[in-house]
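**Student:** Need a 3D model of the sequence below.
(one chain, ligands or ions: 1)
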Amino acid sequence: MAHIYNFNPGPAMLPRPVLEEVQRDLLDYKGRGLSVMEMSHRSREYMAINAEAAALVKELLGVPEGYHVLFLQGGASTQFAMAPLNFLPPGATADYIITGAWSEKAFEEAGKVGKPHVAATTKSENYRRIPSLGEINLSPDPVYVHFTSNNTIFGTQWGALPTFGDRTLVADMSSDFMSRPVDVAPYGLIYAGAQKNIGPAGVTIVIIRDEWLGKAPPTLPAMLRYDIHAKNDSLYNTPNTFGIYVTSLVLRWLRDQGGLEAVARRNEEKAQVIYDAIDASDGFYRGHAEPRSRSLMNITYRLPSEELEKAFVREAAEQGFIGLAGHRSVGGIRASTYNAMTHEGCQALAEFMQEFLRTHG
Ligand code: PMP
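**Tutor:** Got it, this is the predicted structure:
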């Protein structure tokens, strides 16, 4: 098997020990004679997997009492619509802090339901930074304040997560969920696709404050209602059983890594290795993000020309580094260094960058 370093932005690499366990148990889950894929979602075995996955999210994040953890489908993109459909009565306002293409999409969906207000945006600077708290203009009485904790495309991240007095937060944490500790208490809703930091594609994690379950209008269809999914422990309809099973194994792996404090420390060290290679290159590599807004998950940078960028991606792939082409709206290179990426992988990429600079600089 070819040895590769997988820097894909998502779906992204999974921890090797998790894939090996999945492979071992694929045909015969714990001696039951069948695969998790072949089980009823109402079987005792599967219900235990579902319950363990939710319990691990609560344990790892220290989710306080009064919240539900749900595993839904439809990706974060469905959450862009579900949040306002459940919480935002027509005519009411929610504040949106726009830090990238995904925040824009969330804002657009909210505009189909209520009257979202742009509290801040860094679009005019091609989203190279997170706004400072002083730049954020909240409306007088928003139902919630929405933000994107990590901007996958642009490679920026809120270092310290913001709070705004007693206003309730709603956050898209798709690309840094479970990469660091989060104080969940100020949030009415946290949502994230699993496919970057904690599992395969097709699983959407939702953490919702119980008080917010009762807010949906009676006309909202069942599948779009958080209260229905909460009442049924994410088993209202057939969930992505196999995806949730793999997610439960990644969550166990995160616990075995020492929990989110330890995971966050490793993520910082990993990203630093690559940022150091950028900063030591005398301007050959130019980071897209302003230094104080740098993401620990997606490291975005340009080279002096598009030809060099193409050569970088091509030569990197020849040496086993895949998934490095930047998103078309930023160009250049994007190295995604989620939980499963190893320190060794980041070190190897940094060395490749130094070698590329030596031969092409
Ligand atoms: N939000 C963020 C921050 C993302 O990175 C992505 C996917 N890259 C999405 C939302 C959309 O997620 P999905 O494809 O799961 O709907």
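
**Student:** And S293, how far from I274?
**Tutor:** According to C-beta to C-beta, to the nearest Å, S293 stands 16 Å off from I274. C-beta coordinates here come from the backbone N, C-alpha and C atoms, glycine included.

**Student:** how about Q23, phi and psi?
**Tutor:** Backbone torsions for Q23, taken as degrees, to the nearest 10, come to phi -60, psi -40.

**Student:** That one - how many residues pack around it?
**Tutor:** For Q23, the neighbour count with other C-beta atoms under 10 Å is 9.

**Student:** And for the one 4 residues further on?
**Tutor:** When counting by other C-beta under 10 Å, one arrives at 10 neighbours for L27.

**Student:** got a pLDDT number for it?
**Tutor:** Note on L27: pLDDT of 97.

**Student:** And the pLDDT for whichever residue of the chain sits closest to the ligand?
**Tutor:** Across the chain, the shortest distance to the ligand (C-beta to the nearest ligand atom) belongs to G75, at 2.5 Å. G75 carries a pLDDT value of 98.

**Student:** ok, the nearest residue to it once chain neighbours are set aside to R128 distance?
**Tutor:** Of all residues not flanking G75 in the chain, G193 sits nearest, at 5.2 Å (C-beta to C-beta, 6 or more residues apart in numbering). When distance is defined by C-beta to C-beta, G193 is 24 Å away from R128.

**Student:** In the stretch 201-350 of the chain, mark out all the helices, start to finish.
**Tutor:** Counting by DSSP state H, counting those that start in this stretch, the stretch 201-350 of the chain has helices at residues 226-231, 241-256, 259-279, 306-318, 343-360.

**Student:** Flag every buried residue along the second one.
**Tutor:** For helix 241-256, the neighbour count (16 or more other C-beta atoms under 10 Å) marks 241-254 as buried.

**Student:** Could you list every helix and strand in contact with that helix?
**Tutor:** helix 16-24, helix 44-61 (3 or more C-beta pairs under 8 Å, 6 or more residues apart in numbering; DSSP states H and E).

**Student:** Restricting to C-alpha, output the last one in PDB.
**Tutor:** Think helix 44-61. The C-alpha trace of helix 44-61 is given here as PDB (Å, rounded to 0.1, in the frame of the first residue of the first chain):
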ATOM      1  CA  ARG A  44     -29.800  -3.400  21.300                       C
ATOM      2  CA  GLU A  45     -26.300  -3.400  19.800                       C
ATOM      3  CA  TYR A  46     -26.900  -0.300  17.700                       C
ATOM      4  CA  MET A  47     -28.700   1.600  20.400                       C
ATOM      5  CA  ALA A  48     -25.600   1.100  22.600                       C
ATOM      6  CA  ILE A  49     -23.400   2.600  19.900                       C
ATOM      7  CA  ASN A  50     -25.700   5.600  19.400                       C
ATOM      8  CA  ALA A  51     -25.800   6.200  23.200                       C
ATOM      9  CA  GLU A  52     -22.100   5.800  23.600                       C
ATOM     10  CA  ALA A  53     -21.400   8.300  20.800                       C
ATOM     11  CA  ALA A  54     -23.600  10.900  22.400                       C
ATOM     12  CA  ALA A  55     -22.200  10.300  25.800                       C
ATOM     13  CA  LEU A  56     -18.600  10.700  24.500                       C
ATOM     14  CA  VAL A  57     -19.400  14.000  22.900                       C
ATOM     15  CA  LYS A  58     -20.800  15.200  26.300                       C
ATOM     16  CA  GLU A  59     -17.900  13.800  28.200                       C
ATOM     17  CA  LEU A  60     -15.200  15.200  26.000                       C
ATOM     18  CA  LEU A  61     -16.700  18.700  25.700                       C
END
